[in-house]
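Chemist: Build me a model from this:
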Amino acid sequence: MWKGKERATTPDSDSEFLDLNPIITYRHLQSHALGVKDPLRVIALCDSDAFYAGCEMVRLGVDPEQPLVVSQWDSIIAVNYPSRKFGITRMDKVKDAQKRCQNLMVVHVATYKEGDAEPGHWENPNTKTHKVSLDLYRRESSKVHNMFKESLPAGVELEKASIDECFIDFTRPVREELLRRYPHLAQAPPTGTDTPLPPPSTPIIWNANTNLVPINPKDDVTDNPGGPSASTRGDSELEEPPITWHDVALSIAADMMERARDQVRTKLGYSTSAGIGRNKFLAKLTASYRKPNSQSVLRNAAIPHYLRPLPFQKIRFLGGKLGNAVAKEYEVSTVGDLLAVSLDEFQKTFGEDSIWIWEIIRGIDRSEVKEKPPNTKSMAASKNLATPVTMPCEGPHWVRVMAAELTLRLNDARELSPNLWPRTISLSTRQGWSVTQRKQAPFPFVRNVTIDVVAAAGDKLWKELVGPLNSTKPLSTKITHVCLSLHGVEAGEVNQQGIESFLSKTPNSPSKRKRKVDSDNEVDETMPTSSHGESELKLDIDYFVCDRCKKQITLPKELMTASALDEDIRRDALGSLRAEHQDFHFAQDLSRMPSDDERPRRPNSESTIHPKKKRKHKGGGAEGEGIARFFTKR
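Modeler: Now for the predicted structure:
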């Protein structure tokens with residue numbers, strides 16, 4: 001067994017990298033089933049430049065060249081690019097940054113204070129009374145994401161990766177554009193669909209705002225985790241290899257990406273940078289090649305020289321314990337050093353799952369781009385308390401501040417999905433990093449969500465968890481962290497009744513209003529009617545499928561065979577069945593919760609850990625002994 005950089009270095013060739021120039025056939029081009037192994041796959045990552053700072057610049061209308069930072073209390077959390085020229089970085093102290101740049105504009109994030117329904121930008125917010133709000137950035141992030149949806153061609157897949165990043169799968173629209181530009185490729189030759197495509201006959205005209213990562217730079221010196229230094233770009237390029245159809249696909253995606261970025265820039269005022277490559281990993285890596293306000297393309301032929309000088313611990317999931325273990329085991333620091341380690345060697349040392357390391361350093365990533373649901377199933381507002389809570393009477397202040405944030409976020413979400421509603425509300429407290437105390441209760445059904453409604457539910461939980469709201473009796477432990485959250489935030493199914501249908505009705509306002517059509521007939525106003533007064537909507541569904549257990553819940557046979565005249569009865573019965581089934585799941589959730597005096601404890605010995613089934617790995621031993629042992633389960 002060998003170790004050390006002496007054996008880790010490899011000749012300057014592309015032999016360690018796979019599928020740099022895959023054979024593309026007519027079958028690939030005409031296939032409707034596009035997968036992660038498609039040789040014409042094109043993925044982009046679009047990243048908003050210094051997003052928090054950009055949001056504040058747009059809100060305040062400041063000059064693009066004005067140095068600006070966003071602070072949270074006395075620390076800087078976002079730095080725009082003009083500020084970076086002065087050496088200012090994130091987590092610098094505000095006072096230190098102001099010494100480096102005399103005309104620096106410092107904007108504190110918006111904060112909530114008790115009594116306000118929305119966060120505000122206060123001159124001197126106090127951490128003892130205010131709570132930080134990121135609502136502005138969430139809203140602007142949704143605007144950017146929606147603008148990309150509107151601007152990009154039909155058929156793209158978008159996945160929101162974070163508040164300022166979005167993955168875009170261009171494979172399908174690029175395929176369609178390829179066939180439109182080169183119609184002769186739509187018809188396979190007599191030799192069959194497995195015949196390789198002829199090479200492109202025309203040169204590629206790249207978008208003027210697109211940067212190409214060099215294929216053969218003279219040296220591999222790096223000054224950032226994204227690739228070669230600025231001094232090695234441009235003129236350092238040697239002879240270009242022949243263009244490929246994947247290069248053509250990348251150029252088409254670059255044109256589409258530039259048009260969408262221009263829409264975001266002109267209509268919303270935000271600067272973005274994009275990276276375009278053959279998978280998600282390479283697209284994210286390429287997005288940082290030249291920033292800000294640019295887009296870069298990584299052709300397959302440029303992958304080897306782009307990855308070799310990269311410190312491998314900069315790769316996601318290869319930092320921390322796992323990266324340190326790999327670096328120590330083989331005495332390596334860059335991707336190029338690590339390429340000489342064989343797959344068998346990886347798996348003997350780090351287990352069967354370490355094939356992921358072997359593939360990712362060669363630019364192989366088979367993860368899909370999938371659009372995530374627009375609504376989150378939980379919303380949380382938390383506060384690390386600068387001054388700990390020592391008496392129960394000090395808690396309602398923070399409960400109301402957090403209630404304001406949850407109310408605003410829930411109402412914003414309900415504007416997009418009016419049938420959205422949380423199932424439970426919970427309150428948790430802790431001291432330092434000790435065991436968390438938590439209480440949970442059903443969220444009340446109300447017509448309008450207000451701060452008073454959320455705060456009242458939170459106060460009730462505080463009373464049960466900590467003590468009476470007006471008590472000045474000192475607590476046994478000081479509370480340094482409080483979190484109020486909503487859980488099970490889900491939209492109702494199609495045709496499901498809204499929240500108002502569960503609210504009590506007065507005797508004079510029946511749930512089903514009737515109006516006279518003639519002396520003998522009545523029509524339900526809740527049903528659409530024709531010009532003849534006859535109901536056009538019939539109940540033709542006698543069951544529903546639970547979204548949690550996926551079971552089909554069906555009406556009794558005697559109701560399923562009822563005539564159309566009994567639609568009201570059948571509809572009410574189906575609603576009752578649905579409510580009963582939801583109560584069943586809610587009861588199960590409650591049964592899994594710890595009792596009032598039972599608190600979760602961290603295991604401190606092997607006797608407290610439940611035994612798990614062991615699964616053999618190739619050289620990896622039992623489950624948790626391979627690559628998994630380098631990750632902490634949270």
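Chemist: Identify the residues contacting the residue nearest the centre of the chain.
Modeler: Centroid check for the chain by Cα atoms, centre = their mean gives residue 161 as the closest residue, at 4.0 Å. Contacts for residue 161 were tallied using Cβ atoms under 8 Å, 6 or more residues apart in numbering; they are 45, 167. For glycine as for every other residue, the C-beta is placed from the backbone atoms N, C-alpha and C.
Chemist: Please give the element, helix or strand, for it.
Modeler: strand 157-162 (DSSP states H and E).
Chemist: That strand: partners in the sheet, and parallel or antiparallel?
Modeler: If you go by DSSP bridges, strand 157-162 pairs up with strand 165-169 (antiparallel).
Chemist: distance between the strand it pairs with and the chain's centre?
Modeler: Remark: strand 165-169 is offset 10 Å from the chain centroid, using Cα atoms, centre = their mean, to the nearest Å.
Chemist: Check which helices and strands the helix or strand following that strand sits against.
Modeler: Using DSSP H and E, the helix or strand that follows strand 165-169 towards the C-terminus is helix 171-181. Contacts defined by 3 or more Cβ pairs under 8 Å, 6 or more residues apart in numbering; DSSP states H and E place helix 171-181 against helix 26-30, helix 245-267.
Chemist: per-residue pLDDT, residue 89?
Modeler: Listed pLDDT for residue 89 reads 93.
Chemist: ok, now residue 165?
Modeler: 95.
Chemist: quick one, what contacts it?
Modeler: Contacts of residue 165 (Cβ under 8 Å, 6+ apart): 45-48, 284.
Chemist: That one pairs with what?
Modeler: Going by DSSP bridges, residue 165 forms beta bridges with residue 47, residue 162.
Chemist: State the distance from it to residue 403.
Modeler: 30 Å (Cβ to Cβ, to the nearest Å).
Chemist: count of residues packed around residue 80?
Modeler: Residue 80: 25 surrounding residues under other Cβ atoms under 10 Å.
Chemist: pretty sure it contacts residue 65?
Modeler: No. Taking contacts as Cβ atoms under 8 Å, residue 80 lies outside contact range of residue 65: 9.5 Å.
Chemist: Now for the two: what residues contact both?
Modeler: The contact lists of residue 80 and residue 65 share no entry, where a contact means Cβ under 8 Å, 6+ apart.
Chemist: would you list every one of the strands in the stretch 351-500 of the chain?
Modeler: Assigned by DSSP state E, counting those that start in this stretch, the strands in the stretch 351-500 of the chain fall at 378-389, 420-421, 424-430, 437-442, 479-487, 490-491.
Chemist: can you put those strands in JSON lines and add mean pLDDT, distance to residue 171 and mean neighbour count?
Modeler: Formatted as JSON lines, the strands of the stretch 351-500 of the chain follow (pLDDT from 0 to 100; distance: least, Cβ to Cβ, whole Å; neighbours: other Cβ atoms under 10 Å):
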{"stretch": "strand 378-389", "mean pLDDT": "90", "distance to residue 171": "32", "mean neighbour count": "16"}
{"stretch": "strand 420-421", "mean pLDDT": "88", "distance to residue 171": "32", "mean neighbour count": "20"}
{"stretch": "strand 424-430", "mean pLDDT": "93", "distance to residue 171": "40", "mean neighbour count": "21"}
{"stretch": "strand 437-442", "mean pLDDT": "91", "distance to residue 171": "44", "mean neighbour count": "17"}
{"stretch": "strand 479-487", "mean pLDDT": "93", "distance to residue 171": "36", "mean neighbour count": "21"}
{"stretch": "strand 490-491", "mean pLDDT": "78", "distance to residue 171": "30", "mean neighbour count": "18"}
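Chemist: Which among these is found nearest to residue 155?
Modeler: strand 490-491 (25.7 Å; Cβ to Cβ).
Chemist: okay but residue 197 is in contact with residue 27, surely?
Modeler: No. Counting by Cβ under 8 Å, residue 197 stays clear of residue 27, with 10.1 Å between them.
Chemist: Quickly list what residue 131 is bridged to.
Modeler: With DSSP bridges as the criterion, residue 131 is bridged to residue 112.
Chemist: Pretty sure it sits against residue 114.
Modeler: No. Here residue 131 lies out of contact with residue 114, judged by Cβ under 8 Å, at a distance of 9.3 Å.
Chemist: intersection of neighbour lists for these two?
Modeler: Common contact partners of residue 131 and residue 114 (Cβ under 8 Å, 6+ apart): residue 401.
Chemist: Which one's more surrounded, the two?
Modeler: Set side by side, residue 131 and residue 114 show more neighbours around residue 131, with 23 against 17, by other Cβ under 10 Å.
Chemist: Let me see the domain layout of the protein.
Modeler: Listed domain ranges for the chain are 378-494, 540-594 (source: automatic domain parsing).
Chemist: want to try JSON lines for the ones you listed, with distance to residue 258 as columns?
Modeler: Converted to JSON lines, the domains of the chain look like this (distance: least, Cβ to Cβ, whole Å):
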{"stretch": "domain 378-494", "distance to residue 258": "29"}
{"stretch": "domain 540-594", "distance to residue 258": "40"}
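Chemist: Between all of the contacts of residue 165, which two are separated the most?
Modeler: 48 and 284 (13.8 Å).
Chemist: Of these two, which one has the most company?
Modeler: Taking other Cβ under 10 Å, residue 48 and residue 284 do not tie; residue 48 has more neighbours (25 against 22).
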